[in-house]
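>>> prediction below, plus the sequence it came from.
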Amino acid sequence: MTAANQFIHTQDLYELLLTHFIPPITTYVEPHTLAQLARTCKATSDLALDTLWRTLIIPSYILRLLPVDAWELVDTEYILVRPLVESDFEVFDKYAPRIRVVDFSSPSRSMGCDLFSSLKAFRDPIFPGLLEFRWQPSVNTIGAFQLISRGLPANTFSLSFWEGNLTSSPRPRENVHPANPREVAALLNQPLSAWFPDVQSLNLAIGTKYRAISDVLEGLQSLTRLEDLTVNFSVGPNILAHLAQLPHLLSLHLFEEDERCISAAKQILDERSLQTGGSSLRALEKLSIHTCEYDALCALLALVTSPALHTVNFDLNGFHPTDATLFRLITGPDPTNSFARRASLRHIEFRVINSVGADRGGLPLLSDLFDPLFTCPNLTTLVVNTGVFLNDADVERMASSWPRLQRLSIYNRAREPAVHIATLPILASRCPPSSGN
């Protein structure tokens, strides 16, 4: 290494440059450019290849890494013309492990998935570094299911699959047809423990046509290492009870859970507690729930015993603006043992759909509704989109109660807030970093 390289740290500069070509940064670089960079010198080759092969959107690219005498393209279908052998994977092994994201959301470009079962017989998992898989099941892509493997070493995995409106597109293709939902269900209804990695972080998004696949949901109980779970569907009482007992679950993002489901989960937990004496959601730090009824959210918060909860984010239907029960539950179901929870809370954000009383003018004072939150001295963010009524005393109380406040957004739907301009500097002086609306 030359003195110049030691001083400039050329390798570090290459790495910094190539990070701008990797999502979520949206800078686009043509594959041809990255391929040229990979051929330039050894110093850039691996980094450029990692970037070039990070995302796979056309399965035929990976099939072409096999020897040319092993396959052929017949019309629109890739077929094997001879059995594969171990030596066929010499080039494959140089590139396939670099793939982190597979996006088969465009079935018209996804020919070749039928051969994945043959690849899996030799390489399981096919892509050992896979972190994210976006899949629109179709006749052409049904074989892509083989990419999901228990052997994936990743701690984080994102799986999205949904039905596509393939037959009503402006220019439908004759060789592209939706997958039979029963065929997809047959794949997914295999025991989850047999095909899904036991990850720590899981983002699972399922199209509406497949949300009724109960066996997939039940299979989530085989995941014992979860620390972070995001779903876009109701998980049901059995899964919710399982999640509540996971010892290391830190972040939970749920969707459309109703009070009946949560009550049933609580009953399951109560029965198990008689045997184990355990608490529920005892390590949770972040809770997010969308399109939830007020009573359901209260029931869910009552299950959270974690003293480390610091972020609560929710959308509500039918919020009751005169009822402070919700905020008492956020600060801790047991007021006598909630000091640690109140000290931990940092970020509270909620949005309201069809709020009760917002258009009738009889809104409570902020101190009446949010009184429990004034016991949280480390609060940095409070975002509210339901109608509330503020006065000077409320602003002064916020300033004295939340000295670390950085963001305050309160929406008034019913009337102008009764806050004098001379009161606002109090908030600014006692909470220097704050920005408010």
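Structure received. Keep in mind that what you see is a predicted model, and the values were worked out from it rather than measured.
>>> so what's the closest residue to S279 other than its chain neighbours up against?
In space, S279 comes closest to T305 once its chain neighbours are excluded; the distance is 4.2 Å by C-beta to C-beta, 6 or more residues apart in numbering. (Glycine included, C-beta is placed from N, CA and C.) Contact analysis of T305 by C-beta atoms under 8 Å, 6 or more residues apart in numbering lists 279-282, 333.
>>> could you point out which element follows the longest helix along the chain?
For the chain, the longest helix by residue count, based on DSSP state H, is helix 259-276. Using DSSP states H and E, the helix or strand that follows helix 259-276 in sequence is strand 286-293.
>>> quick revisit: any quick ChimeraX command for the buried ones out of the contacts of T305?
Buried members of the contacts of T305, defined by 16 or more other C-beta atoms under 10 Å, are picked up in ChimeraX with:
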select :280,281,282,333
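>>> which one among the contacts of T305 gets closest to L229?
L281 (11.6 Å; C-beta to C-beta).
>>> contacting residues for the residue nearest to that closest one when sequence neighbours are not counted?
Ranked by C-beta to C-beta, 6+ apart and with sequence neighbours excluded, the top spatial neighbour of L281 is V304, at 4.5 Å. Counting by C-beta under 8 Å, 6+ apart, V304 touches 280-281, 284, 287, 333.
>>> swap in I348?
By C-beta under 8 Å, 6+ apart, the neighbours of I348 are 311-313, 330, 373, 379, 381-383.
>>> and A422, how many residues sit next to it?
Neighbourhood size, A422 [other C-beta atoms under 10 Å]: 8.
>>> number of nearby residues for the closest residue to D114 other than its chain neighbours?
Residue nearest to D114 in three dimensions, not counting chain neighbours: G143, with 4.5 Å by C-beta to C-beta, 6+ apart. Neighbourhood size, G143 [other C-beta under 10 Å]: 21.
>>> start the count at 12, not 1, going forward
Got it, first residue is 12 now, which makes that one G154.
>>> model confidence score at G154, please.
For G154, the pLDDT comes out at 82.
>>> helix, strand or coil for it?
For G154, the assignment made with DSSP: H, G, I helix; E, B strand; the rest coil gives helix.
>>> residue contacts, it?
124-128.
>>> which among those residues end up buried?
124-127.
>>> secondary structure class of the residue lying closest to L435 once chain neighbours are set aside, three-state.
Closest residue to L435 apart from its sequence neighbours, by C-beta to C-beta, 6+ apart: V406 at 7.0 Å. At V406 the chain is in helix, as set by three-state DSSP.
>>> so V406 touches I432, yeah?
No. V406 lies out of contact with I432 (C-beta atoms under 8 Å); the separation is 10.9 Å.
>>> distance of the residue nearest to D125 from R65?
22 Å (C-beta to C-beta, to the nearest Å).
>>> before we move on, what about S349?
Counting by C-beta to C-beta, the separation of S349 from R65 is 45 Å.
>>> who has more neighbours out of those two?
Set S349 next to R65 and count neighbours by other C-beta under 10 Å: S349 wins out with 22 against 17.
>>> nearest spatial neighbour of the more buried one, skipping sequence neighbours?
G343 (2.4 Å).
>>> contact partners for the one you found?
By C-beta under 8 Å, 6+ apart, the neighbours of G343 are 318, 349, 352-353.
>>> just give me how far stretch 239-258 sits from the chain centre.
Put simply, stretch 239-258 sits 13 Å off its chain's centre (C-alpha atoms, centre = their mean, to the nearest Å).
>>> what's the end-to-end length of it?
12 Å (C-alpha to C-alpha, to the nearest Å).
>>> buried ones in that stretch?
Those would be 239-257, for stretch 239-258 by 16+ other C-beta under 10 Å.
>>> count the residues that sit near L320.
Neighbour tally, L320, other C-beta under 10 Å: 26.
>>> wait, it touches R293, no?
No. The criterion here is C-beta under 8 Å, and L320 misses it with R293 at 10.3 Å.
>>> restricted to strands, list the buried residues of stretch 239-258.
With DSSP state E as the criterion, strands contain 239-242 from among the buried residues of stretch 239-258.
>>> tell me the one of those nearest R161?
Of those, the one sitting nearest to R161 (C-beta to C-beta) turns out to be L240, at 18.2 Å.
>>> mind checking how far that closest one is from R293?
Going from L240 to R293 by C-beta to C-beta gives 15 Å.
>>> ok, C52 next?
Going from C52 to R293 by C-beta to C-beta gives 53 Å.
>>> same question, E267
24 Å.
>>> how about A410?
From A410 to R293 the distance is 34 Å (C-beta to C-beta).
>>> ok, now L265?
Counting by C-beta to C-beta - L265 and R293 are separated by 17 Å.
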